[in-house]
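>>> Build me a model:
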Amino acid sequence: KDNYVGYLYPTIDDQSDLANALPQDNAGNPYIILTSGSLLPETSSVLIANHLNQGHHTLTAVAHRGYDRYALAGYAVSSGDLATPYNTQIALGWLAVVISLAGVVITGWQVHWRKFLRPLAGFWQQLSTIAQFSLSALASLLLMLGMLLTWGEASPTLFRREPVQIGLSILTAGLIYLNPALPLTLIAAFVLFIILYHRPAFGLALIIFFAPFFLFPVELYRFAFPMSELLTLITFAAWLVRTAVQWAQPEFKLKTRWQPLDIVLLVWVLLGVISLLWTQNRAPAITELRTLLIEPALFYLIFRTLPLTRQDVLRVVDALLCAGLIVCLVGLYLYVRGEAVITAEEDARRLASIYGSPNNVALFLGRCLPFTLAFTLIPIDRNRRILAGICFGLMLLTVILTQSVGALFIGVPAAVAAVLLVIYRRRALIPMIILIGLAVVGFIIGASLSERFARALDFTEGTNFARLRVWQSAFNILQDHPITGLGLDQFLYSFRGQYILPDAWQEPDLSHPHNFLLDIWIRLGLIGIMLFAAMQCFFWQQNLQNLRRTVHDPLLFALTAGIIGSMVNLLAHGLIDNSLFVLDLAFVFMLLLALTAALSSSNIRSIDVTGDKMV
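Residues are numbered from 1 along each chain as shown. All right, here's what the predicted structure looks like:
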């Protein structure tokens, strides 16, 4: 296999149905793709048939395209699957490991560890004076660092004022992003660490703000990282040191009430780690595990364990809306200049803004729009309502210019309808009828003005045709890997190198199956689907309770409405596009879950609402 388009059509005894281990095209012909998943030369073994009758059989392979190449390196025949006994032994070995681990945990839980720790005192007495002094010096240095950061006496009083802290956080984060020089970047990172130690909630806002700018990474020496990733690691480090110092205090008590959702998310991350066992291409899988599972989970962990106030929560949501506003302004400016524009069917101009695809713009703004709509419709602070209304108009205009069919006719209408239902309940019927009418009129006008919208219901070519073919390929993948899926970030390589249908050869570089259920199933298997379903159950149960709790608190009620609308957008638009496994979408997903848990906290609900303003 290599970087070219070509196929082999094998038959056995002139019968295509005997080649039963291969995917089939729309005519029922089994085929082998000669395009390599990595686009590099590689030799791979492909199972053509199994469970054949004993006797002589003839294998015939007809080549299509792939001119001047001879792809067939050889063939092999065996009686049964020679790997079966080894796979059985491996499975039994893993079962023994799990049982042994469970036994160790149960046994360790019943052991009185204090008896075993007493000999450590004798061990300390046996150490030399130099060794004791070295350990004491190290402990004292750590303690001094914790004391300085906790009490703040070694830092100027000016740094402990909240407006100055916010300004310094933004300034230092901006210096890291601009990267004027490595030493200055490291100094800015250290200053930011100090600030985030005192106010880790600022780090949460900065992470969300920089999440959509992952295509513009920070260059550190020979490496490049998204700014949100660096901020996540710095915030986590500051949170970890702060938590360790607090934990050492005798009066420290853990105030976080753990919820079932926390356990589900932990298992979600562990499943991503375990999926590496059956992943073929480990490097991209490890990168995705780090950036799309572990680091968003760290964001959730910090959010859940911090004693956040109402202002802290609002600041994070406002950071999301500010990021969406910048995406809009940059996109509109470049659109007017004719830059960052994708030309689609019949020269249709699609706004792409800071992303490589207009669909990514629509996906991210679709998560932001429900919050701006809720803040606009619910009677809260006047300035916030005005700013939210302006943001809603700009975001809606930007989504329209992306010409994303999934956003305009599925994701955004569903999210708007959800917000209207939450706010007006039965009275939302008339606005929703008007909304449906506007959508129909908009579609008719769009179809008359744009060839892209005119083909929105044409499934024989274009985007719809590609969606149907990629879904069919995804089903073929799941037929071969129904339990485990392929693993993280494996779809592109398997789709391009094995499962793409011959008539879909024009779009071989799709990295996901354009459906959130298929995407999760292929990446994390059946257990991943079950975990996502559990997340949704906890999410909706908790938010229905939050609606009842916040009905007399307009601001928190608006937040809850925005959370619900944003999740509806994720599910609705995710039916035909990406949903979770992009860096900005992964962090927003974790934000929605974390906000859901935070709004159930009495610490959030007990603060007066009159002074809340957008930051």
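
>>> got any ranges where the stretch 251-400 of the chain has weak pLDDT?
Low-confidence regions of the stretch 251-400 of the chain, defined by pLDDT under 70, span residues 251-256, 345-346.

>>> So which helix or strand of the protein has the lowest pLDDT on average?
Counting by mean pLDDT, DSSP states H and E, the weakest-scoring helix or strand in the chain turns out to be helix 129-151, with a mean of 48.

>>> can you list the domains in the protein?
In the domain annotation for the chain, the residue ranges read 1-82, 84-122, 129-254, 262-603 (automatic domain parsing).

>>> which parts of the helix or strand containing residue 384 are buried?
Secondary structure here is read from DSSP states H and E; on that basis residue 384 sits in helix 382-402. Taking 16 or more other CB atoms under 10 Å as the basis for neighbour counts, the residues of helix 382-402 that come out buried are 384-385, 387-388, 391-392, 394-396, 398-402. To be clear about C-beta, it is placed using only N, CA and C from the backbone, and glycine gets the same treatment.

>>> ok, now stretch 38-55?
39, 48, 49.

>>> same deal with stretch 259-279?
Neighbour-count burial for stretch 259-279, with 16+ other CB under 10 Å as criterion, is recorded at 259, 261, 262, 264, 265, 267, 268, 269, 271, 272, 275, 279.

>>> Which helix or strand contains the closest residue to residue 371 other than its chain neighbours?
If the residues on either side of it in the chain are set aside, residue 371 comes closest to residue 562, at 3.5 Å by CB to CB, 6 or more residues apart in numbering. Remark: residue 562 resides in helix 554-573, with elements defined by DSSP H and E.

>>> And that helix, how far out from the chain middle?
Helix 554-573 sits 18 Å away from the centroid of its parent chain (CA atoms, centre = their mean, to the nearest Å).

>>> which helices and strands sit right next to that helix?
Helix 554-573 sits against helix 310-337, helix 358-377, helix 412-424, helix 516-549, helix 583-598, with contacts defined as 3 or more CB pairs under 8 Å, 6 or more residues apart in numbering; DSSP states H and E.

>>> mind running it again at 10 Å?
Judged by 3 or more CB pairs under 10 Å, 6 or more residues apart in numbering; DSSP states H and E, helix 554-573 is in contact with helix 310-337, helix 358-377, helix 382-402, helix 412-424, helix 516-549, helix 583-598, helix 602-605.

>>> Can you give me the buried ones in that helix?
554-573.

>>> got the buried residues of stretch 38-55 as TSV, with pLDDT, distance to residue 325 and secondary structure columns?
Putting the buried residues of stretch 38-55 into TSV (pLDDT from 0 to 100; distance: CB to CB, whole Å; DSSP: H, G, I helix; E, B strand; the rest coil) gives the following:
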residue	pLDDT	distance to residue 325	secondary structure
39	80	38	coil
48	88	55	coil
49	88	57	coil
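
>>> What is the nearest of these to residue 516?
Using CB to CB, the shortest approach to residue 516 within the buried residues of stretch 38-55 belongs to residue 39, at 27.0 Å.

>>> wait, that closest one sits on residue 1?
Yes - look at residue 39 against residue 1 with CB atoms under 10 Å: they come within range, at 9.3 Å.

>>> and for these two, which residues touch both?
With CB atoms under 10 Å, 6 or more residues apart in numbering applied, the overlap between the contact sets of residue 39 and residue 1 consists of 496, 497.

>>> and the gap between the closest residue to residue 226 other than its chain neighbours and residue 36?
Nearest residue to residue 226 in three dimensions, chain neighbours excluded: residue 214, at 4.0 Å (CB to CB, 6+ apart). Noted for residue 214: a distance of 27 Å to residue 36, by CB to CB, to the nearest Å.

>>> Low-confidence ranges, the stretch 451-600 of the chain, go.
When the per-residue scores of the stretch 451-600 of the chain are filtered using pLDDT under 70, the ranges that remain are 451-454, 456, 458-459.

>>> how about a cut-off of 80?
451-464, 504-506 (pLDDT under 80).

>>> Which residues lie in contact with residue 366 in this structure?
Counting by CB under 10 Å, 6+ apart, residue 366 makes contact with 324, 395, 399, 404, 406-408, 410-412, 414-415, 565-566, 568-570, 572-574, 577, 585, 588.

>>> again but with residue 237, I slipped
Shown in contact with residue 237 (CB under 10 Å, 6+ apart): 189, 193, 196, 197, 203.

>>> how near is it to residue 48?
Here the criterion is CB to CB. By it, residue 237 lies 52 Å from residue 48.

>>> Tell me how far stretch 21-41 lies from the chain's centre.
What separates the centre of stretch 21-41 from the centre of its chain is 29 Å, taken as CA atoms, centre = their mean.

>>> For that stretch, list the C-alpha coordinates in CSV.
This file holds the C-alpha atoms of stretch 21-41, laid out as CSV (Å, rounded to 0.1, in the frame of the first residue of the first chain):
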residue,chain,number,x,y,z
ALA,A,21,-14.1,-11.0,5.4
LEU,A,22,-13.9,-7.9,3.2
PRO,A,23,-16.1,-4.8,3.1
GLN,A,24,-18.4,-4.5,0.0
ASP,A,25,-19.2,-1.6,-2.3
ASN,A,26,-22.8,-0.6,-3.2
ALA,A,27,-22.9,-3.4,-5.8
GLY,A,28,-22.0,-6.0,-3.3
ASN,A,29,-18.4,-6.5,-4.6
PRO,A,30,-15.7,-7.2,-1.9
TYR,A,31,-12.7,-4.9,-2.3
ILE,A,32,-9.2,-4.2,-0.9
ILE,A,33,-8.0,-0.6,-0.7
LEU,A,34,-4.5,0.0,-1.8
THR,A,35,-4.2,3.4,-0.2
SER,A,36,-2.2,3.2,3.0
GLY,A,37,-3.6,4.7,6.1
SER,A,38,-0.4,6.6,6.8
LEU,A,39,0.1,7.6,3.1
LEU,A,40,3.5,5.9,3.3
PRO,A,41,4.7,2.7,1.8
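
>>> Go through that stretch and flag the buried ones.
Counting neighbours by 16+ other CB under 10 Å, one finds that the buried residues in stretch 21-41 are 22-25, 29-37, 39.

>>> how about those in TSV, adding secondary structure and distance to residue 95?
Formatted as TSV, the entries for these read as follows, by DSSP: H, G, I helix; E, B strand; the rest coil; distance: CB to CB, whole Å:
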residue	secondary structure	distance to residue 95
22	coil	32
23	coil	32
24	strand	36
25	coil	40
29	coil	41
30	strand	35
31	coil	38
32	strand	35
33	strand	36
34	coil	39
35	strand	38
36	coil	35
37	coil	32
39	coil	39
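
>>> quick one: contacts for the residue nearest to residue 473 when sequence neighbours are not counted?
Once flanking residues are discounted, residue 473 sits nearest to residue 499: 4.3 Å by CB to CB, 6+ apart. Residue 499 makes contact with 23, 33, 37, 470, 472-477, 479-480, 486, 491 under the criterion CB under 10 Å, 6+ apart.

>>> And residue 338, by the same measure?
Residue 338 is in contact with residue 349, counting by CB under 10 Å, 6+ apart.

>>> ok, it to residue 586 distance?
Distance of residue 338 to residue 586, given as CB to CB: 32 Å.

>>> likewise residue 577?
In terms of CB to CB, residue 577 sits 15 Å off from residue 586.
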